[in-house]
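Colleague: below is the sequence, then the predicted model.
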Amino acid sequence: MISDISSVCTYCGVGCDITAQVQDNKILKIYAQNDGYVSQGKLCIKGKTGFGFVDAPSRIRNCRVKKTFIEKNLDEMPRELKARAKTLKHFDDIYYEAPYEFTTSLAAWKLLEIKEQYGRHAFCGMGGARTSCESSYMFQKFVRTAMDSPHVDNCARVCHSPSLKGMKTAIGEGAATNPYDDIFEAENIIVMGSNTTEAHPIVANRIIKAARDKTAELTVIDVRQIQLGKFAKNELVIPYEANLLILNMMAYVILNEKLYNNEFIDARCKEFEHYKSSILEDEYANPEFMKKIKGYEYLAEQIPEVARTYATKKSMFFWGLGITEHLDGSYAVMAITNLAMLTGNIGKKGVGLMPLRGQNNVQGACDTGCLPYFDPDYKTPKEIGLMTPQLVEEMLKGNIKALYVMGEDLAHIHPNQNKMQKALEKLDVIISNELFMNEVTKKADIIFGVKSAYEKVGVYVNAMRRLHLSQPLVEAEMPDDWEVLRDIENKISGDFVYGTSEDVWNEAKEAVGTRFGGATYHKLSKNRNRGMQWPIAKEDTPILHIDKFRTEDGKGTFLYNQYRLREQIKKLVNNETFAPNEFYLTTGRTIVHYNNAAQTIQSDVLNDKYDQDVILASLEDKERIGSDHVVLKTQYGETSIMPIKYVKTIKPGTLFTTFHHAKSKVNFIFGDEADELIMTARFKSVRVEVEPV
């Protein structure tokens with residue numbers, strides 16, 4: 001008998017509603033219902049076909065302990081653990097297969113030993129955005145209470161932390177303001193630093209429809225031509241690291257031509273006069289400056305046109321990692337927020353600020369407190385911990401001894417991998433909850449195979465604050481992440497008394513009370529297809545900031561930050577020559593893969609379409625590069641030999657590549673340069689040397 005079971009997609013932050021056809025505990029097909037609130041009856045190729053990972057032969061379905069870890073720790077183990085360690089089954093040359101009860105006891109013993117020997121700050125936890133809110137809440141609670149450490153972080157560190165920082169500083173809240181369907185209420189849409197058709201296809205469907213139906217004008221701003229630009233009235237191809245420059249220029253036009261919304265500013269904002277004078281006196285904010293940037297002079301005419309349209313129409317502003325993964329990512333988000341406040345394009349239908357978040361539950365992980373500087377509900381913790389790059393430094397110094405990593409591949413996705421690899425090697429123990437043996441799990445001493453999103457109950461929060469209660473599509477014998485954490489904690493303190501995921505949720509929703517307070521399982525179950533947008537009391541709240549901002553006084557603050565001349569733009573302005581092998585690289589996704597490809601690589605339908613990372617270069621640079629295979633180099637490291645493809649959509653002197661396959665070693669070429677407020681790496685712009693092979 002075939003059953004149809006509804007749930008939520010496990011991939012990006014769009015959070016599509018899905019329905020699976022299941023027979024004999026096997027997924028046969030995944031599709032979207034025509035009345036799906038997010039999906040609108042359509043799924044991207046990952047959501048539709050990328051479920052092969054669920055029963056892949058390489059799934060971790062057991063507990064594993066590294067043989068060298070047993071050998072190193074055997075003499076120190078308590079008598080019972082020592083006796084049982086000697087009876088472990090051989091799994092392969094590196095690992096033993098271990099019973100679950102023994103493995104949780106071993107983890108608890110080692111963590112306690114490290115805490116007693118080196119102190120509570122010797123432990124850190126990273127992860128949470130790839131699992132449910134129940135598990136992300138439990139993860140930060142485990143770190144903060146069971147281990148009494150402030151050091152908890154998640155993958156927002158390498159993606160949208162600047163969105164949270166920039167928006168929260170200005171308007172008191174770091175989340176998307178409106179539902180996706182407001183695209184159909186908008187008169188104007190700007191998409192900046194987001195290759196939406198590849199990274200968030202179901203949102204792109206709406207944007208394309210609005211542009212085709214001419215219900216909204218579309219502007220696309222990126223460092224290269226992207227597919228979405230084909231539907232745009234304005235497509236601005238900008239220099240590398242020019243985001244803040246462009247955004248301040250838009251503000252200059254709006255201020256200089258007095259297109260701003262005086263009524264909104266007077267009622268809802270502060271620090272306007274200082275901001276206004278700062279922008280109008282800023283030598284880099286006048287669009288005429290663009291005429292000095294060789295190859296980009298046309299932007300001096302395009303930017304004012306885009307600014308005027310944004311100011312005079314109901315406008316939505318979407319952005320992705322092309323904004324946040326820069327030295328000035330937080331400042332660029334503040335600049336976007338300034339534009340919304342300047343024009344009153346916030347707090348009503350068809351307008352708003354829309355960061356396109358990456359992971360399926362990165363919003364929920366941040367909401368539930370998986371950040372070193374926020375407790376659940378964005379409250380200030382009793383002690384602020386270190387961010388991931390700072391923790392890596394502490395590992396290298398020998399101060400961090402233990403790492404618990406849950407669903408995050410530190411040894412692939414994070415920058416400066418030569419440094420990261422050295423840091424991980426210095427740890428006394430790495431514990432990992434995972435589905436597959438990825439790069440960081442290969443380094444783990446203790447591994448727990450856990451349920452995937454398609455095998456468990458849990459709440460996920462998508463990029464527009466929508467809570468969706470998932471349910472299992474198939475049954476699995478592995479534990480959920482929160483169960484592993486509970487069972488380890490019970491052997492440390494015994495305070496985690498939870499029998500079901502609903503028990504955990506009931507505590508989590510109270511801890512995140514101003515956002516999740518009214519979101520019972522019963523209510524979320526009744527709204528399974530639609531989901532509910534936080535804050536949720538009796539009803540949910542689709543639109544934020546209608547009457548006031550979520551600040552102490554209800555007002556938004558204009559925050560001026562000046563663009564700093566550097567890198568590619570500085571060279572172009574000063575007419576400096578570029579070395580023959582010198583290029584500027586940006587990175588991004590392709591539609592068939594998801595981040596470290598841990599799940600998508602297990603689906604032949606997907607992986608066969610893109611089984612290696614490819615560099616894209618300008619057709620005009622083909623002779624200059626002179627090869628179809630190259631190595632990219634920086635002072636920090638080099639990639640593997642990679643294929644290079646020459647296309648029309650890339651500007652001369654610039655490159656693009658994906659980073660999905662660990663074997664390409666793309667993240668070995670990035671260093672520690674990062675957003676100066678929140679330490680998100682500058683993945684979107686790095687100067688590289690191209691070495692033909």
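Modeller: Looks like it came in fine. Residues are numbered from 1 along each chain as shown.

Colleague: tell me how far the nearest residue to Ile384 once chain neighbours are set aside lies from Thr657.
Modeller: Leaving aside its sequence neighbours, Ile384 sits nearest to Tyr373 (Cβ to Cβ, 6 or more residues apart in numbering; 4.9 Å). In this view, the C-beta of every residue, glycine as well, is placed from N, C-alpha and C. To Thr657, Tyr373 is 32 Å away according to Cβ to Cβ, to the nearest Å.

Colleague: if you count neighbours, what's buried in stretch 201-219?
Modeller: 201-208, 210-211, 216-219 (16 or more other Cβ atoms under 10 Å).

Colleague: for those, give me CSV that also has secondary structure and distance to Leu427.
Modeller: Converted to CSV, the buried residues of stretch 201-219 look like this (DSSP: H, G, I helix; E, B strand; the rest coil; distance: Cβ to Cβ, whole Å):
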residue, secondary structure, distance to Leu427
Pro201, helix, 38
Ile202, helix, 39
Val203, helix, 39
Ala204, helix, 41
Asn205, helix, 44
Arg206, helix, 45
Ile207, helix, 44
Ile208, helix, 47
Ala210, helix, 49
Ala211, helix, 50
Ala216, coil, 51
Glu217, strand, 52
Leu218, strand, 48
Thr219, strand, 47
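
Colleague: can you give me the helices in the stretch 1-150 of the chain?
Modeller: 45-49, 67-73, 79-85, 100-118, 133-141 (DSSP state H, counting those that start in this stretch).

Colleague: kindly export the last one (C-alpha atoms) in PDB.
Modeller: In PDB, the C-alpha atoms belonging to helix 133-141 read as follows (Å, rounded to 0.1, in the frame of the first residue of the first chain):
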ATOM      1  CA  CYS A 133      14.600  23.400  16.500                       C
ATOM      2  CA  GLU A 134      14.200  20.800  19.200                       C
ATOM      3  CA  SER A 135      17.700  19.600  18.600                       C
ATOM      4  CA  SER A 136      19.300  23.000  18.100                       C
ATOM      5  CA  TYR A 137      17.700  24.200  21.400                       C
ATOM      6  CA  MET A 138      19.000  21.100  23.100                       C
ATOM      7  CA  PHE A 139      22.400  21.600  21.600                       C
ATOM      8  CA  GLN A 140      22.900  25.100  23.000                       C
ATOM      9  CA  LYS A 141      21.400  23.900  26.300                       C
END
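
Colleague: what packs against that helix?
Modeller: The contact analysis (3 or more Cβ pairs under 8 Å, 6 or more residues apart in numbering; DSSP states H and E) places helix 133-141 against strand 123-127, helix 362-367, strand 402-406, strand 458-461, helix 481-489, helix 501-511.

Colleague: to Val573, which of these lies closest?
Modeller: Closest to Val573 of the helices and strands packed on helix 133-141 is helix 362-367 (Cβ to Cβ; 36.6 Å).

Colleague: one step back: out of the helices and strands packed on helix 133-141, which one sits most buried?
Modeller: Most buried of the helices and strands packed on helix 133-141, by mean neighbour count (mean count of other Cβ atoms under 10 Å): helix 362-367, with a mean of 30.

Colleague: for the helix or strand of the chain with the lowest mean pLDDT, the distance to its chain's centre please.
Modeller: One helix or strand of the chain scores below all others by mean pLDDT, DSSP states H and E: helix 604-607, with a mean of 90. Chain-centre distance of helix 604-607: 23 Å, with Cα atoms, centre = their mean, to the nearest Å.

Colleague: give me the contacts around that helix.
Modeller: Contacts of helix 604-607 from elsewhere in the structure, counted by Cβ atoms under 8 Å, 6 or more residues apart in numbering, are Ile45, Lys46, Thr49, Gly50, Gly52, Val592, His593, Ala597, Thr600, Ile601.

Colleague: give the contact list for the fifth one.
Modeller: By Cβ under 8 Å, 6+ apart, the residues touching Gly52 are Gln602, Ser603, Asp604, Val605.

Colleague: any low-confidence regions in the stretch 501-650 of the chain?
Modeller: Applying pLDDT under 70 to the stretch 501-650 of the chain flags no residue at all.

Colleague: ok, Gly518 to Leu559 distance?
Modeller: According to Cβ to Cβ, Gly518 stands 33 Å off from Leu559.

Colleague: pick out whichever of the buried residues of stretch 201-219 sits closest to His661.
Modeller: Nearest member of those to His661, counting by Cβ to Cβ, is Pro201, at 20.7 Å.

Colleague: hmm, that closest one is touching Ile591, no?
Modeller: Yes - if you go by Cβ atoms under 8 Å, Pro201 and Ile591 touch, sitting 6.4 Å apart.

Colleague: now do the shared contacts for the two.
Modeller: By Cβ under 8 Å, 6+ apart, the residues touching both Pro201 and Ile591 are Cys44.

Colleague: quick one on the thing from earlier: report the separation between the residue nearest to Ile384 and Leu228.
Modeller: 34 Å.

Colleague: looking at those two, which is more packed in?
Modeller: Neighbour comparison, Tyr373 and Leu228: the larger count goes to Leu228, with 22 against 16 (by other Cβ atoms under 10 Å).

Colleague: average pLDDT across stretch 659-671?
Modeller: Regarding stretch 659-671, the rounded mean pLDDT is 96.

Colleague: list the buried ones in it?
Modeller: By 16+ other Cβ under 10 Å, the buried positions in stretch 659-671 come out as Phe659, His660, His661, Ala662, Ser664, Lys665, Val666, Asn667, Phe668, Ile669, Phe670, Gly671.

Colleague: can you add distance to Asn243 and secondary structure and give these back as JSON lines?
Modeller: What follows is the buried residues of stretch 659-671, written out as JSON lines (distance: Cβ to Cβ, whole Å; DSSP: H, G, I helix; E, B strand; the rest coil):
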{"residue": "Phe659", "distance to Asn243": "20", "secondary structure": "coil"}
{"residue": "His660", "distance to Asn243": "24", "secondary structure": "coil"}
{"residue": "His661", "distance to Asn243": "28", "secondary structure": "coil"}
{"residue": "Ala662", "distance to Asn243": "29", "secondary structure": "helix"}
{"residue": "Ser664", "distance to Asn243": "26", "secondary structure": "helix"}
{"residue": "Lys665", "distance to Asn243": "27", "secondary structure": "coil"}
{"residue": "Val666", "distance to Asn243": "21", "secondary structure": "helix"}
{"residue": "Asn667", "distance to Asn243": "21", "secondary structure": "helix"}
{"residue": "Phe668", "distance to Asn243": "25", "secondary structure": "helix"}
{"residue": "Ile669", "distance to Asn243": "21", "secondary structure": "coil"}
{"residue": "Phe670", "distance to Asn243": "18", "secondary structure": "coil"}
{"residue": "Gly671", "distance to Asn243": "20", "secondary structure": "coil"}
